[in-house]
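**Q** pasting a predicted model and its sequence here:
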Amino acid sequence: MKIKNIVPITLRAFQKNATVEYGSFLEKGSMFKDLEFDVEVLERGKGPVTIESEYDGALAEAGAIALVEKAEQEGYDGVVIDCFCDAGYHSSREATKLPVVGAFETSIRFAQLLGHHIGIVTMKDTFIPRIHHMARAMGADRSIVSVTSLDMAVEDLATYKDQVSQRLEERMVEAITTKGVDVLVLGCTGMMGVASAIQERLHKRGYMVPVVNPAEVCLRFMECLLVMNIKQSEIAYPPKHKR
């Protein structure tokens with residue numbers, strides 16, 4: 001089985017970082033003995049450097065769809081759109097016969113199974129309107145009671161890891177204590193390697209709240225789809241080849 005992980009931005013560093021992170025997920029175990037994955041980012045000029053707003057997300061749509069179609073031609077078995085903005089996610093489900101999973105919708109559905117009041121911590125305030133828009137579109141706006149940001153650029157994630165962890169903990173504790181949040185979601189798939197550490201910090205402080213990592217949730221859900229040999233409904237997502 002081969003999975004294509006698409007990061008719909010042009011920042012090359014994310015290709016290497018995401019490859020390392022997905023490899024660490026599979027080291028913990030997999031439903032397949034032969035599962036392979038590949039990470040691909042957009043070519044320069046084919047999308048935004050990073051996604052921090054509705055505008056950036058719109059710029060990434062066409063490039064993401066093109067990479068999904070390319071993955072099908074290359075013989076992949078499934079596609080994960082590895083970005084919390086879900087750029088090209090719904091459209092790509094019509095563009096290919098492959099199962100396609102998006103980070104935002106999948107992680108929010110998963111979080112709804114773990115608690116009643118969801119809190120999201122993203123990178124910048126400029127991305128918060130898109131989160132609310134996507135939540136309303138999938139009917140999850142009542143479940144999401146807190147959306148805050150680290151007030152940091154996506155490009156700074158690798159450089160300021162300690163600062164990212166500290167601010168995440170602060171925002172999450174505030175969401176728990178002031179908004180009644182009982183399940184937390186990382187609002188960026190670029191927050192690599194912090195989910196377990198943050199959850200451990202919260203537990204040590206007495207907050208027994210799960211921290212959902214959208215990148216890993218996407219991979220695990222894709223494994224489930226492949227094991228069960230199912231994909232998105234062709235009634236809900238009419239394939240372009242049947243029109």
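**A** Thanks, I have it.
**Q** ok, now how distant is Lys33 from Met1?
**A** 9 Å (C-beta to C-beta, to the nearest Å). (Glycine included, C-beta is placed from N, CA and C.)
**Q** who's more crowded, these two?
**A** For Lys33 and Met1, the more surrounded residue by other C-beta atoms under 10 Å is Met1, and the numbers stand at 17 against 6.
**Q** mind listing the strands for the chain?
**A** Ranges of strands within the chain are 2-7, 36-41, 78-81, 100-102, 118-122, 144-149, 183-186, 211-212, based on DSSP state E.
**Q** run the angle between the fifth one and strand 144-149 for me.
**A** Think strand 118-122. Note on geometry: by axes from the mean of the first three to the mean of the last three C-alpha atoms, to 10 degrees, strand 118-122 and strand 144-149 are set 10 degrees apart in direction.
**Q** quick check: closest non-adjacent residue to the most centrally placed residue in the chain.
**A** With distances taken as C-alpha atoms, centre = their mean, Ala103 lies nearest the centre of the chain, 2.8 Å away. Once flanking residues are discounted, Ala103 sits nearest to Pro214: 4.1 Å by C-beta to C-beta, 6 or more residues apart in numbering.
**Q** number of residues surrounding Val209?
**A** 19.
**Q** go on, Glu21?
**A** The tally of other residues near Glu21 (other C-beta under 10 Å) stands at 22.
**Q** what does Thr189 give?
**A** The tally of other residues near Thr189 (other C-beta under 10 Å) stands at 27.
**Q** isn't it right up against Asp82?
**A** Yes: Thr189 is within contact range of Asp82, at 5.1 Å (criterion: C-beta atoms under 8 Å).
**Q** overlap in contacts, these two.
**A** The contact sets of Thr189 and Asp82 overlap at Val7, Ala18, Ala103, Ala215, Cys218 (C-beta atoms under 8 Å, 6 or more residues apart in numbering).
**Q** mean confidence (pLDDT) on stretch 64-75, please.
**A** Within the predicted structure, the mean pLDDT of stretch 64-75 is 96.
**Q** would you mind giving the strands of the chain as CSV with distance to Ile230 added?
**A** Output for the strands of the chain, formatted as CSV (distance: least, C-beta to C-beta, whole Å):
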stretch, distance to Ile230
strand 2-7, 15
strand 36-41, 20
strand 78-81, 11
strand 100-102, 12
strand 118-122, 26
strand 144-149, 27
strand 183-186, 25
strand 211-212, 23
